[in-house]
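Chemist: Quick check, what structure comes out for this input:
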Amino acid sequence: MGKKRVSPDSGTGQPRGRRDFFADESGICSDFHAGTTWAPIGRTPVVKQTGQRFSLNMISAVSPKGQLRFMVTPKRIGASVFVEFLKRLMHGWGKRIFLIVDGHPTHKARLVKTCLERMKGQLKLFYLPPYSPELNPDEYVWNDVKNNGVGRSIITNTKNLRSAATSRLRYLQKNPDHVRTFFKSQTTRYAA
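Modeler: Below is the predicted model:
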């Protein structure tokens, strides 16, 4: 009688030596405000902010294990920025990665395909069905960053905006239990 072999990743739904990540991009503007504030009765609350408008773009990837990788950039997220993120995602990573993304043309660009070919199967892209952001657990990262990081901060310049976004992303990165909750909604628990 033989014994059944159990891999270290048993129960995660992922084969040994591979990790699944869900990735997404988002932008945030200096005039974003979230939450509520208070004021004395009869007085309209005023949230002070700069009249200037500036923005920042972000890209991240989350795994059901609670891992978060991210990149913040002032650049538009096109194929070259996405390739830079893919290289960062793979840097120092010993396992294969299956990266699930939406069908944005950036993810299907020739530059991205060339990058994936050079990685020789260590990184593979898979696409969510069209018009289905609710299936991507990484959408919760942007909700969290915008509502609990940037939206509750006084943003007066690009440096403040970058600091608020990066600070919240690092908080999430250091709290895998919080990131795992992104895989518990009715539409994302399939990915856990």
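
Chemist: which stretches of the chain have low pLDDT?
Modeler: Counting by pLDDT under 70, the chain contains low-confidence ranges at 1-16, 31-39, 45-51, 152.

Chemist: could you show me where the helices are in it, in order?
Modeler: Under the criterion DSSP state H, the chain carries helices at the ranges 79-90, 110-118, 139-144, 158-173, 176-180.

Chemist: could you list every residue that touches the spatially most central residue of the chain?
Modeler: Taking Cα atoms, centre = their mean, the centroid of the chain lies closest to residue 60, which sits 2.9 Å from it. The neighbours of residue 60, taking Cβ atoms under 8 Å, 6 or more residues apart in numbering as the test, are 23, 24, 68, 69, 70, 71, 138, 141, 169. Backbone N, C-alpha and C define where each C-beta goes, glycine included.

Chemist: Quick check: the closest residue to it other than its chain neighbours vs residue 40, distance?
Modeler: Nearest residue to residue 60 in three dimensions, chain neighbours excluded: residue 70, at 3.9 Å (Cβ to Cβ, 6 or more residues apart in numbering). As for residue 70, its distance to residue 40 is 40 Å (criterion: Cβ to Cβ, to the nearest Å).
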